[in-house]
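Chemist: Need a 3D model of the sequence below.
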Amino acid sequence: MSSDSIVFHLFLIFSGAAVFATLALFARQAMIVAYIFVGLLLGSSGLQWVPDSHFISDIAHIGIIFLLFLLGLNLHPQRLYQWFGNALKLALFSGVVFALTGFLVGFGAGFTVQEALVVGAAMMFSSTIIGLKLLPTSVLHHGHLGSLMISILLMQDIIAIVCLLLLHALAAGAMSASQTVQLLLALPVLVGVTKVAQEQLIDRLLKRFSTIREYIFLLAIGWCLGIAELASWMGLSAEMGAFVAGVSIAAGPIATYIAESLKPLRDFFLVLFFFALGAGVQLQILGQVLLPGLVLAGLLLWIKPWFFYWVLKRVGEPAAQSKEIGVRLGQASEFSLLISVVAVEQGVIRPAAAYLIQVTVLLTFLVSPYVIVLRYPTPIAVDDRLRRD
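Modeler: Coordinates of the predicted model:
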């Protein structure tokens with residue numbers, strides 16, 4: 001078999017990911033870390049077995065589109081309204097503190113104001129994957145702690161969507177006045193067109209053929225990618241289109257089934273995304289941001305748990321529960337990685353600033369799960385007394 005074959009490359013990526021994921025699970029680590037390390041090992045800065053990560057990165061972009069689509073599917077309008085007030089205030093208030101921390105470290109490390117702002121914005125969020133994967137199912141679905149965590153994470157995810165839109169606007173800063181107006185109008189027009197198509201076409205098709213699972217699967221993928229492409233054609237990002245597509249059918253009767261059906265497909269492409277992220281790292285630049293990355297990661301690992309504890313106590317949550325939520329949300333986010341990638345692609349920041357974000361995220365991903373599994377109930381707790389499914 002040719003070593004240039006896409007099948008051979010996929011074999012290397014997923015076999016390597018399986019091996020490293022096994023090691024990560026034994027080490028009580030998030031599997032995202034394993035995927036990034038496989039990229040570092042096999043990519044251009046490592047063994048060079050997959051030297052050209054650009055093709056893989058293009059394919060992996062679909063995983064981000066599905067990630068945003070599924071996020072939208074989870075935002076049922078009624079639930080969003082119930083959570084909106086307090087969760088949004090908490091997410092914004094805490095986000096400002098975390099963003100200021102990132103900005104000060106980024107600016108102190110010699111980056112421009114714009115780059116430091118992007119670094120700060122990327123630090124606003126906690127990891128949905130780590131936060132929810134390390135929650136026992138009973139707590140996740142039936143407990144107050146789980147509901148509170150989900151509400152905070154969803155509000156952070158919405159803020160992340162806004163940040164992605166602002167990055168797109170920054171990249172388009174040199175546009176003419178007419179082009180700027182066109183971009184500002186694009187989002188409401190996209191929402192309007194999506195709503196009409198959803199009501200007049202998609203809902204009717206879903207209702208009529210709801211028992212044919214294969215058709216529902218195909219229709220959901222077509223809807224997601226179709227609105228993503230429409231958004232791209234209108235000058236917005238494909239990720240924004242996918243998010244709008246998901247929200248538009250979130251209130252439907254089979255939104256949960258669609259979300260569950262697409263998760264394996266999303267995970268397949270996300271493995272490629274995190275692999276491409278690691279494979280694209282240039283170690284000579286990475287060394288330049290290692291020290292500020294260590295400083296920023298250390299600050300976040302200390303500030304986030306403490307600040308969430310302080311704020312949640314102020315709004316009346318019990319001290320023990322506030323402390324646990326703070327620890328569980330005490331890391332950076334996979335959305336931080338996405339912001340770093342999009343910001344570089346749009347020319348808003350240099351690769352070095354993106355590497356600072358990525359190093360910080362990776363370090364918090366390495367430390368935070370250990371703290372959680374040593375202290376609180378999780379499906380992979382070190383202590384059998386804390387292990388909960």
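Chemist: Where does pLDDT dip in the stretch 101-250 of the chain?
Modeler: Applying pLDDT under 70 to the stretch 101-250 of the chain flags the ranges 137-143, 171-184.
Chemist: Tell me where it has helices.
Modeler: Listed in chain order, the helices found in the stretch 101-250 of the chain under DSSP state H, counting those that start in this stretch are 113-122, 128-133, 137-142, 144-171, 177-197, 203-208, 213-233, 238-248.
Chemist: Could I get the buried residue list for the longest one?
Modeler: Residues of helix 144-171 classed as buried by neighbour count (16 or more other C-beta atoms under 10 Å): 145-161, 163-165, 167-168, 170-171. Any C-beta I mention is one placed from the backbone N, CA and C, and that applies to glycine too.
Chemist: all strands of the stretch 201-350 of the chain, in order?
Modeler: Secondary structure of the stretch 201-350 of the chain (DSSP state E, counting those that start in this stretch): no strands present.
Chemist: what's Thr378 sitting at in phi/psi?
Modeler: The phi and psi torsions at Thr378 (degrees, to the nearest 10) take the values phi -150, psi 160.
Chemist: oh, I was asking about Pro318
Modeler: Backbone geometry at Pro318, expressed as degrees, to the nearest 10, gives phi -60, psi 150.
Chemist: do the same with Phe111
Modeler: Dihedral angles phi and psi of Phe111 (degrees, to the nearest 10) take the values phi -80, psi 160.
Chemist: Just confirm it contacts Val119, I think it does.
Modeler: Yes: using C-beta atoms under 8 Å, Phe111 is in contact with Val119, at 6.8 Å.
Chemist: what touches both of the two?
Modeler: Common contacts of Phe111 and Val119, defined by C-beta atoms under 8 Å, 6 or more residues apart in numbering, comprise 349, 353, 356.
Chemist: Please give me every residue in contact with the last one.
Modeler: Think Leu356. The neighbours of Leu356, taking C-beta under 8 Å, 6+ apart as the test, are 106, 109, 111, 119, 289, 292-293, 296.
Chemist: Can you check the pLDDT for the residue lying closest to it once chain neighbours are set aside?
Modeler: Sequence neighbours aside, Val289 is the residue nearest to Leu356 in space, at 4.2 Å (criterion: C-beta to C-beta, 6 or more residues apart in numbering). Confidence per residue is given as pLDDT, and for Val289 that number is 88.
Chemist: Could you do the one 3 residues further on as well?
Modeler: Predicted confidence (pLDDT) at Pro292: the value is 94.
Chemist: what's the closest residue to it other than its chain neighbours in contact with, if anything?
Modeler: The shortest distance from Pro292 to any non-neighbouring residue, by C-beta to C-beta, 6+ apart, is to Ala109 (3.9 Å). With contact set as C-beta under 8 Å, 6+ apart, Ala109 has these partners: 289, 292, 356.
Chemist: Next, count neighbours for the nearest residue to Gly72 once chain neighbours are set aside.
Modeler: Using C-beta to C-beta, 6+ apart and skipping the chain neighbours, the partner closest in space to Gly72 is Gly246 (2.3 Å). Counted by other C-beta atoms under 10 Å, the residues lying close to Gly246 total 27.
Chemist: so Gly246 touches Leu70, yeah?
Modeler: Yes: taking C-beta under 8 Å as the contact criterion, Gly246 and Leu70 are neighbours in contact, 6.4 Å apart.
Chemist: so which helix or strand takes in the closest residue to Ala297 other than its chain neighbours?
Modeler: Beyond its immediate neighbours in the sequence, the residue positioned closest to Ala297 (C-beta to C-beta, 6+ apart) is Leu363, lying 3.7 Å away. With elements delineated by DSSP states H and E, Leu363 resides in helix 351-375, which encompasses its position.
Chemist: I'd like the average pLDDT over that helix.
Modeler: Helix 351-375 shows a mean pLDDT of 88 in the predicted model.
Chemist: so that helix versus helix 113-122, what angle?
Modeler: 20 degrees (axes from the mean of the first three to the mean of the last three C-alpha atoms, to 10 degrees).
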